[in-house]
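K.L.:
Sequence and computational prediction follow.
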Amino acid sequence: MILPTRWIKIFKDMWSNPSRSLIVIFSIAIGIASVGMITNAARIVQRDLYGQYSAGNPSRLSIYISGFPKELANSVAGMREVADAQARRTLSASLIETDDKKYDISMDVLADYQNIRINRYNVDKGAATPSTREILLERITARELGLDVGDKITVEIDNERRYELTVAGIIHDVYILPMTIFGDAFGYISMDTLEWMGETSYYDRLDIVTSENPGDKTHVLNVGATIRDRVIEPAGYHVMRIAIPGVGSRPGDHWAHDQIKGFLLILQIMGILAVFLSSGIVINTVSAILVQQIKQIGILRSIGAVRSQVAGMYLANVLVFSVIGLVIGLPLGLAGATWLSYFAANFLNFDVARIDLPFNIALLQIGIGLIMPTGAAAFPILSGTRIPVYDAIYQYGLNNHSKVSQFEKLFSKLRSIKPHLTLSLRNTFRKKSRLIFTLVTLTLAGAMFIASFSTRDSLKAQIKEVEHYTVFDASLDIPGGANRSTVLREAMRIPGITLAEAWSESTGVFVGADNRESEEFTIVGLPYNSQTIHPIMIKGTWLQGSGIPQVVVNADLIESKPDIKVGDYVNLKVGDHKRQFQVIGITSKHLFGSRIYMDAESYTRLTGKQNQVETVRVIAVPGKPGKPAFQDSIARQLEERFKNAGLSNSIATTQNSFFNSFTDIFNIILLVLMIMAGVLAIVGGLGLTGTMGINILERTREIGVLRAIGAANAAVLQVVVIEGLVVSLLSWVFGALISAPVSPALAAIVIYAILNTKLNFRYSFEGLLIWLAIVVVIGILSSLAPARRAARLRVREVLDYE
Amino acid sequence: MQKNQKLQTFKIIDSDTPPLLEVHNLTKRYKTAAGETPALNSVQFSISQGEFVAVIGKSGAGKSTLVNLISGITQPTSGEIYFQQQPIHNLTEDEKALWRGKHLGIVFQFFQLLPSLNLIENITMPMDLCHSFPLRQQKARALHLLEQVGIVEHAYKHPAKISGGQQQRVAIARALANDPELIVADEPTGNLDSRTAAEIFDLFASLVDQGKTILVVTHDKEIKKYATRIIELVDGEIAGDYPVESLTRCEADGNPVQKVVSFQPTQTKPLGYWGGLP
């Protein structure tokens, strides 16, 4: 096949500078791949996770009842407002791996395994129905514990009775919070097994699907109240609470719906950023190609090429890059989507049905792959081919422009500055569009970097605040509760402990004037003068004394109930008990979720639980938690003493380990943010290198003149490096300015995605200073290579500029 | 009177055939930061087909400006240029490019070959741009032209792999690619040694023999051995315009040329560039 010479030139030019061609191709490929990966993975996750979630008919409402027979579910299911209702019992126990290694396990019982109508599970392996002394393990639990069908497990109930169960099947239950995230094992057993383990045979939860508006939270909660008032309570059963399943979600939404949305948003921002950056690199590189080929453009024009032919050649060149970029980017995007989908599937416990590339996403990628680079390159190509033939052949490289900009006038007035420094400063502002592109990339990187640091600092500050609420060496949960004085006595026997506090905990709701119940929150009963909490009061005061019907709420609760004010009276309900309290203070946020604090005596009056406590907190030196190693030792002693006393088999938390668990999660997301900022910084640096390279090319003759009039290598180097530094320092200033609005926004998005809450923002001046050091390094490194190239140019070749 | 009889008078354009190129009152002033700098001032002449015209003059005399104006690379401040009686001066940039592609071949001092293409491709490029020859014939024509300029054995090499003289031959072959009527060369031997320069002038002379018209700007004194006509520029104006035959004859007679006749207006200034004839 004979190719027209223009095409030969396109291919040969591409081949003549393979590194530059590869940069453009990979930039395009990365842009295409990022969009494909993120869009397709988001589609696959939504299709398969949400698809599998709704396919199993998710429960829209859970009603917790104080023990009922399965017939009650049939009565509820018969109501006009209810599409279906299903009874369930949950038994909490410990799964014993070894004597030292235990896991909390929830064992659920369903009334009819042959006919599961709500929250249906799929059988991965083995039996679909557990027989007596058998358990069906959720697949994440089985995987995490290395269990398979036929294996035996030991469960311990009430810290004393142990039973051996056979794993009869491995099931996949998408409605269960996975063990990998929440740490609890999960399995299904039969009512026979439950009875065999010495438990009374009853159900304690109704899962409901409403017949109308199953996604409308208010409607669903109203249906719950109707069920309670019309069927459950008239039948003589007590409703403990009515709740929407999940973590603050809408009825029927996956439990991680908001978090997934948050992460997808972050990924989408990354995708847009990737496209923006790759188009930036395309612009920069095509500009470099054109600058290098300006003379060739002049030659082509002199031998008969019209402008459209020349522009067409370079656009065709970019199109070839795009096509190669697409060939790489499409499969790369699909591979990325596969990885991300399986990562999400593994994390959120769903099955990826199939990996495919739908036409619309492929079209989007092709569109971006073709339009983005050609669109980005169009400007430099059109402006590059507009240059008059004479200028292209004879004038390029001298930069003998006649217009003097305001900047140049300003710099020429700065007489105290050395002449070559003035030259650097003037050079910086000569090509404003190119300067702007480099500045935008570096500024964006800077803003992102500072924003990431600010997000980290905001989280750190928040965690630091949480220290006020965890002024202990170690804390231990006592599942099922224990007598206060027994707990305190045991705790005080630990050598070195001078203070022990026992706290009580329940789940409660607000009851409105219309008897409507609010979302659930935690009610904490504690000594009003507790020394293991030093709350930061935003408004009002801390608890004043014992037995006064007053409460203090935290800011986390105010976020979901903003109408609550200090001085308000609220009706609290725990189980069947209701009582009115006055809100006397609001504490700062402390990441434990919505909480209400009241003194121990008020707590007893509200809950009816006399002297029963659920947590013990100990400290050696009140107000001064010890070093991590000391805390660990106290924790071990606390665990041992409470285990020996038959009070608790739980794992104690130290103040230090509590913070570590927080920071671990945040570090992952911060790492992602820092990687993003790092990539931006590298791209910004590459952009600056490219820009400096183009600037040097354009001013080859000027450098020759400098050399001819006696400028030494060092002086030429200095002129170029200072120019690079000026650009990077300018980007730092702009980055600092832009980070002011960007940082709080990013911090808010990230924190909301992780914690589902808002936090006070703290700007990171440390990040600002570190970024300053980084941009200085970028400025020097980016300009060193072009500067050395400039310094190596010989006067003769430079002045010929051939 | 006898002395007067020795004075040679020539009228270059006197046939009924219309000239190939006509230049009327061509003026070019460059705008610089220091103000306007005149480069050419009301220059006019015409060139007939088959002439080998050399434009000579000192640096800054306006020689290259003249070539650039004629080839449409720069735009005149005022004046007119006609090629085959068609106005060139008022064409758009693209129309000029098209016109150059079809009718004019340019040879530059620094050859200006495309470095990524081999010699054949450098020559087929104008053919491809102007669609002047079918794709299948382009390579054969390029080889033929390379043979004509004497470097066909290097056909598949890249410009960087051959000498300056050879590169200039390729540039001439490229200028001939679309079989233009006029070839314009700006200091084509400025970057070459004297022996290679002579070879290039020989090549131009042979092209003239084949019916091409050549306008060459040069400092090279040897041009008088090849050109059929010399135009001397001094400070942007034509100081002399005469056939080389007259120079040679005067030289042989030992008489200085005191007057030359050119296309209107007749120039009467003595030759200054070479300080009189050598």
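P.N.:
Perfect, I can see it now. What you are looking at is a predicted structure, and each value in this text was computed from that prediction instead of being measured.

K.L.:
residue ranges with poor pLDDT in chain B?
P.N.:
Across chain B, the ranges flagged by pLDDT under 70 are B:1-16, B:245-278.

K.L.:
show me what contacts the nearest residue to B:Leu21 once chain neighbours are set aside?
P.N.:
Distances taken as Cβ to Cβ, 6 or more residues apart in numbering or on different chains put B:Ile47 closest to B:Leu21, at 4.4 Å, once the chain neighbours are dropped. Any C-beta I mention is one placed from the backbone N, CA and C, and that applies to glycine too. By Cβ atoms under 8 Å, 6 or more residues apart in numbering or on different chains, B:Ile47 lies in contact with B:19-21, B:53, B:182, B:213, B:215.

K.L.:
residues near B:Gly236, how many?
P.N.:
A count of nearby residues for B:Gly236, using other Cβ atoms under 10 Å in any protein chain shown, gives 23.

K.L.:
Next, give phi and psi for it.
P.N.:
Backbone geometry at B:Gly236, expressed as degrees, to the nearest 10, gives phi 80, psi 10.

K.L.:
if I read this right, it contacts B:Ala39, doesn't it?
P.N.:
Yes: using Cβ atoms under 8 Å, B:Gly236 is in contact with B:Ala39, at 5.6 Å.

K.L.:
intersection of neighbour lists for those two?
P.N.:
Residues touching both B:Gly236 and B:Ala39 (Cβ under 8 Å, 6+ apart) are B:28, B:62, B:65.

K.L.:
okay if I get those as a markdown table plus secondary structure, neighbour count and distance to chain A?
P.N.:
As requested, these are exported to a markdown table (DSSP: H, G, I helix; E, B strand; the rest coil; neighbours: other Cβ atoms under 10 Å in any protein chain shown; distance: Cβ to the nearest Cβ, whole Å):
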| residue | secondary structure | neighbour count | distance to chain A |
| --- | --- | --- | --- |
| B:Lys28 | strand | 22 | 11 |
| B:Gly62 | coil | 25 | 14 |
| B:Thr65 | helix | 25 | 10 |
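
K.L.:
Tabulate the residues you listed (JSON lines), appending distance to B:Ile230.
P.N.:
Converted to JSON lines, the shared contacts of B:Gly236 and B:Ala39 look like this (distance: Cβ to Cβ, whole Å):
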{"residue": "B:Lys28", "distance to B:Ile230": "21"}
{"residue": "B:Gly62", "distance to B:Ile230": "15"}
{"residue": "B:Thr65", "distance to B:Ile230": "18"}
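
K.L.:
what's the closest of the residues you listed to A:Ser782?
P.N.:
B:Thr65 (40.8 Å; Cβ to Cβ).

K.L.:
Pull stretch A:654-663 out as CSV, backbone CA atoms only.
P.N.:
As requested, the backbone C-alpha atoms of stretch A:654-663 are provided in CSV (Å, rounded to 0.1, in the frame of the first residue of the first chain):
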residue,chain,number,x,y,z
THR,A,654,-7.3,1.0,75.6
GLN,A,655,-7.5,4.7,74.9
ASN,A,656,-4.5,4.2,72.6
SER,A,657,-6.0,1.3,70.6
PHE,A,658,-9.3,3.2,70.3
PHE,A,659,-7.5,6.0,68.5
ASN,A,660,-5.5,3.6,66.4
SER,A,661,-8.7,2.0,65.1
PHE,A,662,-9.9,5.4,64.0
THR,A,663,-6.7,6.5,62.4
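
K.L.:
Give me the contacts around that stretch.
P.N.:
Contact with stretch A:654-663 is made by A:459, A:463, A:466-467, A:470-475, A:591, A:625, A:628, A:631-632, A:634-635, as judged by Cβ under 8 Å, 6+ apart.

K.L.:
how far away is A:Glu71 from A:Gly78?
P.N.:
Counting by Cβ to Cβ, to the nearest Å, the gap from A:Glu71 to A:Gly78 is 11 Å.

K.L.:
Tell me which residue of the stretch 201-350 of chain A lies closest to chain B.
P.N.:
Residue nearest to chain B within the stretch 201-350 of chain A (Cβ to the nearest Cβ): A:Gly304, separated by 2.0 Å.

K.L.:
which helix in the chain runs the most residues?
P.N.:
Here I'm looking at chain A. helix A:257-302 (DSSP state H).

K.L.:
um, chain B though
P.N.:
Chain B, longest helix under DSSP H: helix B:194-209.

K.L.:
Who are the packing partners of it?
P.N.:
strand B:52-57, helix B:164-176, strand B:182-186, strand B:213-217 (3 or more Cβ pairs under 8 Å, 6 or more residues apart in numbering or on different chains; DSSP states H and E).

K.L.:
How about A:Asn349: what's its closest non-neighbour residue?
P.N.:
A:Pro178 is the one closest to A:Asn349 (Cβ to Cβ, 6+ apart), at 4.5 Å.

K.L.:
wait, what's in contact with the closest residue to B:Asn178 other than its chain neighbours?
P.N.:
In this structure, B:Asn178 finds its nearest non-sequential neighbour in B:Ser132, 4.4 Å apart by Cβ to Cβ, 6+ apart. B:Ser132 is in contact with B:101-102, B:126, B:177-179, counting by Cβ under 8 Å, 6+ apart.

K.L.:
Which one (most neighbours) among those residues?
P.N.:
B:Pro126 (29 neighbours).

K.L.:
coming back round to it: and the pLDDT for the residue of the stretch 201-350 of chain A closest to chain B?
P.N.:
As predicted, A:Gly304 sits at a pLDDT of 90.

K.L.:
Then the one 4 residues further on?
P.N.:
Per-residue confidence (pLDDT) for A:Ser308: 92.

K.L.:
what helix or strand is it on?
P.N.:
Here A:Ser308 is covered by helix A:307-348, with elements defined by DSSP states H and E.

K.L.:
Could you do A:Ile682 as well?
P.N.:
Counting by DSSP H and E, A:Ile682 is found in helix A:655-698.
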